[in-house]
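*Asks:* Next input, structure requested:
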Amino acid sequence: MRRFRVYAFDPLASMATESASFNHAVIALPWEEPWEEPLSPGPSGEYLEVVDFDPASGRFYAPLDPLDPVLLAQDGLPPSEGRPQFHQQMVYAVAMRTIRNFERAMGRKVLWSPNWDQTRLGRPVPIYVQKLRLYPHAFRHNNAYYSPQKKAVLFGYFQAKSKEGSRSLPGAWVFAALSHDIIAHEITHAILDGTHTRFIERSSPDAPAFHEAFADVVALLQHFTMREVVAAHLARSRGVLRLRSLLTGLARQFNDARGRAGAMREGVDGTDESASPVVGAYAGEREAHARGAHLVAAVFDGFLTIFEQRSADLLRLAGGSPGTELHPDLIARLAKEATKVADQMLRICVRALDYMPPVDPRFGEFLRAMITADADLVPDDPMHYRVAIAAAFRRRGILPDGTASMAPDSLKWESPEDIDAREGRCRFDESVELDIQPKFERYEIWRQAQVNRMRVQAWLDVPSPLDPMWERRMGVALTGATWARNLQTIPLGPDRLPKLDVHSVRLARRAGPDGQDLRQIIIEVTQDRRAFFDPAEQEAADRGAQGARADQDFWFRGGCTMVVDPRDWSIRYVVRKRIDDNRRLAQQRDYMLDRDVPPASRVGLESDEPFAFLHEV
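*Replies:* Down below sits the predicted model:
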């Protein structure tokens, strides 16, 4: 293992007596496999490349050499605010740790979203992106963001404001690249974009909020993977985690230096099991971070509830209770439980990404994806994890559409048989000849996914007598798909259906707690429909009326995610967003015309750099 020293939180935590003892942490990363690119100065490796150019001063900082024997002997450089090479070490180590956590949960390698060559073959062609670039000193501003265009994460730095009560020295330089939370947050944006490229699009208030909330959830839960830090907190809080602290907040130094009190965002919102649910309580929030905070609180509440259930017997056996002085051995056991539950919750959240629709993510759909992903891998739920998660969402009014109740069994996605019980077992056609052989090199995994995507696309393009069944079950239009190669989408109408595109074909192999081996093929199919702000123009375009506008005001997208079992090619789940859902179209139209949406949330997702705008809040 390679070992790198980092800040567990940020430099500000080293200036407080209650946190200085545990703020210096070590991240251990696996040594590169033979087929992976060796680590070199930068650091630069298989997944990441640190480029330390500071445009404000016009200089390159000398790159860190992770192979230096002196650094290998002492776990890298010691934490330092004033040494650029430690900044490089910090962003690389935390980013790689986040990547490894995702890979363990997803059951496959992390791939970045591709570049697109618009000039080849008369249509956009995806280009493989091996490395995400990290710029520790990209600009002088209190911001940091993932750039889908540059395939990079840019970290800013700025001078702290002078404000009464601030713990930051006025005028001191504060670096986003030294915040554990900010690094994990931005890398999560990049990984999520590589998994679901359409999630960036401005389709509903939940879309930008989901991106922000999911990145916050990952950063928060990663706090609890550092057992020494958790133990120190439990000792001070006497076994209580449901209190606001360093563990439950994000980017305290960054927020403090901007002249704002407390953490930038919090996982604990004060809602407990006695709270009455308020249907749609989060619906009034229009700003992405404020809206996403409800999702973060729901996931974090589920985590805390499960931890409290799992640790209750330990407290009883020890004769203690939360709030009383606890023996150090009990603290160690509680910290072990907290770390284990946080890791399980993080895996559930990451696995849920494969059970989400390919477009227009909604909070309620994420709940259903979490429940289904967990039930698929862990059929028995003796500790009632899924009940705790569903209850936490319910208390905050995050309710999915189309479910009979909030019971876990009702929240699971439907199988094809549930969607249309009149038909027999729905199978994927084996004649497609997908390549499902295990690959180890990331480029070979990417190439395999592209080949499989083209094979599924070709299969769907061929008209078949079974098309009506597939249309009902998938919620997509297949009939007459021979024109699907057209670059311009044909309007939805009685005899002109929208283009169908196989967005991705991913392979996953996951290990369950009892040693079970779960293998799946995740197929995402998307469609585009021309949409208009004027309902009359929409109706004319849908009917294919003569004289209807040839261009559109925006794109309305639909599609589905199919979870396929490669053992018998049966389709386990179909997660649908129908292209002919006029109610959802009206909702997207209203959202895009809503003047109450904050400028960052409105303009951001229309720009080439959506997260640069969103993170200005």
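*Asks:* I'd like the mean pLDDT over stretch 578-595, please.
*Replies:* Average pLDDT, stretch 578-595: 88.
*Asks:* residues in contact with it?
*Replies:* 202-205, 286, 360, 475-477, 492, 498, 527, 529, 531, 533, 538, 554, 556-559, 577, 597 (Cβ atoms under 8 Å, 6 or more residues apart in numbering). Just so you know, the C-beta spots here come from the backbone N, C-alpha and C atoms, and that holds for glycine as well.
*Asks:* hmm, 7 Å instead?
*Replies:* With Cβ atoms under 7 Å, 6 or more residues apart in numbering as the test, stretch 578-595 has contacts from 202-205, 475-477, 492, 498, 527, 529, 531, 533, 554, 556, 558.
*Asks:* Give me the lowest-pLDDT entry from the residues you listed.
*Replies:* Confidence-wise, L492 trails the rest of the contacts of stretch 578-595, at 41.
*Asks:* Next, give me the two most distant ones among the contacts of stretch 578-595.
*Replies:* Comparing all pairs in the contacts of stretch 578-595 by Cβ to Cβ, the longest separation belongs to P205 and A477, at 27.2 Å.
*Asks:* which of the contacts of stretch 578-595 count as buried?
*Replies:* 202-205, 475-477, 492, 498, 527, 529, 531, 554, 556, 558 (16 or more other Cβ atoms under 10 Å).
*Asks:* Would you mark the buried spots in whichever strand or helix holds Q88?
*Replies:* Assigned by DSSP states H and E, Q88 falls within helix 84-106. Using 16+ other Cβ under 10 Å as the test for burial, helix 84-106 gives 84-102, 105-106.
*Asks:* and what of stretch 379-394?
*Replies:* By neighbour count on 16+ other Cβ under 10 Å, the buried set for stretch 379-394 is Y385, R386, V387, A388, I389, A390, A391, A392, F393, R394.
*Asks:* Could I get the residues you listed in JSON lines, plus columns for distance to R5 and pLDDT?
*Replies:* As requested, the buried residues of stretch 379-394 are exported to JSON lines (distance: Cβ to Cβ, whole Å; pLDDT from 0 to 100):
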{"residue": "Y385", "distance to R5": "34", "pLDDT": "95"}
{"residue": "R386", "distance to R5": "38", "pLDDT": "96"}
{"residue": "V387", "distance to R5": "40", "pLDDT": "96"}
{"residue": "A388", "distance to R5": "36", "pLDDT": "96"}
{"residue": "I389", "distance to R5": "35", "pLDDT": "97"}
{"residue": "A390", "distance to R5": "40", "pLDDT": "96"}
{"residue": "A391", "distance to R5": "40", "pLDDT": "94"}
{"residue": "A392", "distance to R5": "35", "pLDDT": "94"}
{"residue": "F393", "distance to R5": "38", "pLDDT": "94"}
{"residue": "R394", "distance to R5": "42", "pLDDT": "92"}
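*Asks:* Just name the closest of those to L315, please.
*Replies:* When these are compared against L315 (criterion: Cβ to Cβ), the nearest one is A388, at 17.9 Å.
*Asks:* Which strand or helix spans the residue nearest to the closest one when sequence neighbours are not counted?
*Replies:* Excluding its sequence neighbours, the residue lying closest to A388 (Cβ to Cβ, 6 or more residues apart in numbering) is T305, at 4.2 Å. T305 belongs to helix 288-317 when assigned by DSSP H and E.
*Asks:* what helices or strands is the helix or strand following that helix leaning on?
*Replies:* Once helix 288-317 ends, the next helix or strand along the chain (criterion: DSSP H and E) is helix 328-351. In this structure, helix 328-351 packs against helix 84-106, helix 206-223, helix 227-237, helix 288-317, helix 363-377, with contacts taken as 3 or more Cβ pairs under 7 Å, 6 or more residues apart in numbering; DSSP states H and E.
*Asks:* So which elements touch the fourth one?
*Replies:* Translated: helix 288-317. Checking 3+ Cβ pairs under 7 Å, 6+ apart, helix 288-317 ends up next to helix 206-223, strand 265-266, helix 328-351, helix 385-395.
*Asks:* Can you name the next helix or strand after the least confident helix or strand in the chain by mean pLDDT?
*Replies:* In the chain, the helix or strand scored least confidently by mean pLDDT, DSSP states H and E is helix 599-604, which has a mean of 52. Counting by DSSP H and E, the next helix or strand C-terminal to helix 599-604 is helix 610-614.
*Asks:* pLDDT of that following helix, averaged?
*Replies:* Mean predicted confidence for helix 610-614 is 85.
*Asks:* quick one: it to chain centroid distance?
*Replies:* 16 Å (Cα atoms, centre = their mean, to the nearest Å).
*Asks:* Give me the buried positions along stretch 2-11.
*Replies:* Of the residues in stretch 2-11, those buried by neighbour count under the rule 16+ other Cβ under 10 Å are R2, F4, R5, V6, Y7, A8, F9, D10, P11.
*Asks:* Kindly export stretch 371-379 (C-alpha atoms) in PDB.
*Replies:* Output of stretch 371-379 as PDB, limited to C-alpha atoms (Å, rounded to 0.1, in the frame of the first residue of the first chain):
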ATOM      1  CA  ILE A 371     -34.100   0.200  -1.600                       C
ATOM      2  CA  THR A 372     -33.900  -1.900  -4.800                       C
ATOM      3  CA  ALA A 373     -30.100  -1.900  -4.900                       C
ATOM      4  CA  ASP A 374     -29.900  -3.000  -1.300                       C
ATOM      5  CA  ALA A 375     -32.600  -5.700  -1.600                       C
ATOM      6  CA  ASP A 376     -31.000  -7.100  -4.700                       C
ATOM      7  CA  LEU A 377     -27.700  -7.700  -3.000                       C
ATOM      8  CA  VAL A 378     -29.000  -8.300   0.600                       C
ATOM      9  CA  PRO A 379     -32.400 -10.000   0.400                       C
END
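*Asks:* Let the chain start at 370 from now.
*Replies:* From this message on, residue numbering opens at 370, which makes the last subject stretch 740-748.
*Asks:* picking that back up, so of the contacts of stretch 947-964, which ones are in strands?
*Replies:* Q896, R898, A900, F923, F925, G927 (DSSP state E).
*Asks:* The third one and R502, how far apart?
*Replies:* Taking Cβ to Cβ, to the nearest Å as the measure, A900 and R502 are separated by 35 Å.
*Asks:* Repeat that for the first one.
*Replies:* If you measure Q896 against R502 using Cβ to Cβ, the figure is 33 Å.
*Asks:* quick one: low-confidence ranges for this protein?
*Replies:* 488-492, 531, 533-534, 641-649, 689-692, 786-795, 798-800, 846-868, 964-976, 986 (pLDDT under 70).
*Asks:* Point me to the residue sitting farthest from the middle of it.
*Replies:* Q915 (43.7 Å; Cα atoms, centre = their mean).
*Asks:* L619: what's it in contact with?
*Replies:* D550, D585, A588, L589, A632, M633, R634.
*Asks:* brain fart, L780
*Replies:* L736, R737, I740, A759, P769, T772.
*Asks:* Surely R720 touches A742?
*Replies:* Yes. The pair R720 / A742 is scored as a contact, 4.0 Å apart, by Cβ atoms under 7 Å.
*Asks:* Of the two, which one has the most company?
*Replies:* Neighbour totals were compared for R720 and A742, and A742 leads with 26 against 22 (other Cβ atoms under 10 Å).
*Asks:* Distance-wise, check the more buried one relative to A666.
*Replies:* The value you get for A742 to A666, if Cβ to Cβ is used, is 20 Å.
*Asks:* Need phi/psi at the residue farthest from the centre of the chain.
*Replies:* Dihedral angles of Q915 (phi, psi; degrees, to the nearest 10) stand at phi -70, psi 130.
*Asks:* Closest one to V831 out of the ones in strands among the contacts of stretch 947-964, please.
*Replies:* Nearest to V831 among the ones in strands among the contacts of stretch 947-964, counting by Cβ to Cβ, is Q896 at 17.2 Å.
*Asks:* Tell me the bridge partners for the closest one.
*Replies:* On the basis of DSSP bridges, Q896 is bridged to L869, G927.
*Asks:* ok, for L664, nearest residue in space, not its chain neighbours?
*Replies:* A582 (4.0 Å).
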